[in-house]
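Q: I would like to see how this sequence folds:
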Amino acid sequence: MSEEHAREFLERLYRDLLRVRMVEEEIAARYGEKEMRCPVHLSVGQEGAAVGACAALERDDVILSTHRSHAHYLAKGGDLKAMLAEIYGKEAGCCGGRGGSMHLVDAAAGVLGALPIVGGSIPIGVGAAFTFRNQGSSRVSMVFFGDAAVEEGAFHESVNFAAVHKLPVIFVCENNLYSVFTPYAMRQPQRPITDLAGAHGVKVQSGNGNDVLETYRLAREAVQRARAGEGPTFLELATYRWLEHCGPNYDNDLGYRSQEEFESWRANCPVEQHRRLLGKMGLLSDEQEAALREEILGEINAAFDFAKESPLPDAKTAGDHVYA
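A: A predicted model of the protein is given here:
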């Protein structure tokens, strides 16, 4: 990569990080209007994992996501207007207004789907990789999930199958320490989470999910291995959600995590880390930052206007695409 391309890449990473953050902050700010009538699971604080991992992929590679899907969808290039229209339950939404926040799809961008069932997307991502292998394609599949998903049988069956068949799939575990209110230490014996994947014979790596460049390097290595026919990789990315498990608010007052723990993670904000790096390199001035924020905010406001002005689905189509 030339110096110019490297500089452009670093700047693009920051734009993607900031864009995801600003979109979700605006969702949180507007959620009280009660026009978004579906639950929202926000990724504020976790943007580095999504942006860094997706930066290692090509447009025709695919990702699978979870109930906390906005960051993955946007980082992979999903259509913002279609995403917001979906959250508003509108016909122009990426699922026709039928799925809401936890069911985001953009086939053109390689967003194969998001599923709210914990671990539910993992077998689908493995199935996509199985198809790519059988077709002789160089495409790869990347599956995002949280630390609680490693406690599901679907995870173990999928990783085992992927390992046996050396499938081009990357398992990305965003370890944010909690399953709703329950910390990992109260759900699992004291062992590295990577041991669970390593026991199935896949390559495992751990890294700082709040460092977008470290995440990118780990993901790029995993993608290269997958394309070379060397099989799957399990990436554990340490990160932390700032807001409540489901909803737009802070919930430190509930007592399941301490304010001190929260502040220590907030000090390692993935957006601020990368912003400081660009500043030290002379790639981002205060004026450039302000202009970038204004540009992104204009896009966000236009997307919200589009979503709010779009029509609701025709009630006569309520039975379409429903299997009985």
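
Q: So for Arg1, what's the pLDDT?
A: Actually, residue 1 is Met. It isn't Arg. Note for Met1: predicted pLDDT of 66.

Q: Against Gly97, how distant is Ala318?
A: For Ala318, the distance to Gly97 equals 11 Å [C-beta to C-beta, to the nearest Å]. All C-beta spots, glycine's among them, are computed from the backbone N, C-alpha and C.

Q: And Thr215, by the same measure?
A: Noted for Thr215: a distance of 33 Å to Gly97, by C-beta to C-beta.

Q: Looking at the two, which one has more neighbours?
A: The neighbour comparison of Thr215 against Gly97 (other C-beta atoms under 10 Å) goes to Thr215, with 28 against 22.

Q: Distance check, that one against Tyr88.
A: Thr215 is 31 Å from Tyr88, by C-beta to C-beta.

Q: From the chain's centroid, how far away is the longest helix along the chain?
A: Looking across the chain with DSSP state H, the single longest helix is helix 3-30. Relative to the chain's own centre, helix 3-30 is displaced by 13 Å; criterion: C-alpha atoms, centre = their mean, to the nearest Å.

Q: One more: stretch 151-167?
A: On C-alpha atoms, centre = their mean, the centre of stretch 151-167 falls 21 Å from the chain's centre.

Q: ok, back up a step: overlap of the contact sets of Ala318 and Gly97?
A: Common neighbours of Ala318 and Gly97 are not found (criterion: C-beta atoms under 8 Å, 6 or more residues apart in numbering).

Q: residues in contact with Ser206?
A: Counting by C-beta under 8 Å, 6+ apart, Ser206 touches Pro192, Thr194, Leu235, Glu236, Leu237, Ala238.

Q: quick one: which of those is nearest to Ser121?
A: Leu235 (15.5 Å; C-beta to C-beta).

Q: and the closest one, backbone torsions?
A: Main-chain dihedrals, Leu235, degrees, to the nearest 10: phi -110, psi 120.

Q: burial of it, as a residue count?
A: Close neighbours of Leu235, defined as other C-beta under 10 Å, add up to 28.

Q: again, but for Glu263
A: Neighbour number of Glu263 under other C-beta under 10 Å is 10.

Q: now swap in Ala92 and tell me
A: Residues lying near Ala92 (other C-beta under 10 Å) number 19.

Q: and the angle for the helix or strand that contains Glu287 with helix 3-30?
A: Counting by DSSP states H and E, the element that carries Glu287 is helix 286-309. Orientation check (axes from the mean of the first three to the mean of the last three C-alpha atoms, to 10 degrees): helix 286-309 against helix 3-30 gives 50 degrees.

Q: Buried residues of helix 286-309, list them for me.
A: Buried positions in helix 286-309, judged by neighbour count with 16 or more other C-beta atoms under 10 Å: Leu292, Ile296, Ile300, Ala303, Phe304, Phe306, Ala307.

Q: how about those, which pair is most distant?
A: Leu292 and Ala307 (22.7 Å).

Q: hey, C-alpha coordinates of stretch 107-115 in CSV?
A: What follows is stretch 107-115, C-alpha atoms only, in CSV (Å, rounded to 0.1, in the frame of the first residue of the first chain):
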residue,chain,number,x,y,z
ALA,A,107,-27.5,-8.2,-0.3
ALA,A,108,-25.7,-5.7,-2.5
ALA,A,109,-23.4,-4.8,0.3
GLY,A,110,-22.8,-8.4,1.4
VAL,A,111,-24.9,-8.1,4.6
LEU,A,112,-26.5,-11.5,4.4
GLY,A,113,-28.6,-10.9,7.5
ALA,A,114,-28.9,-10.1,11.2
LEU,A,115,-30.7,-12.4,13.6
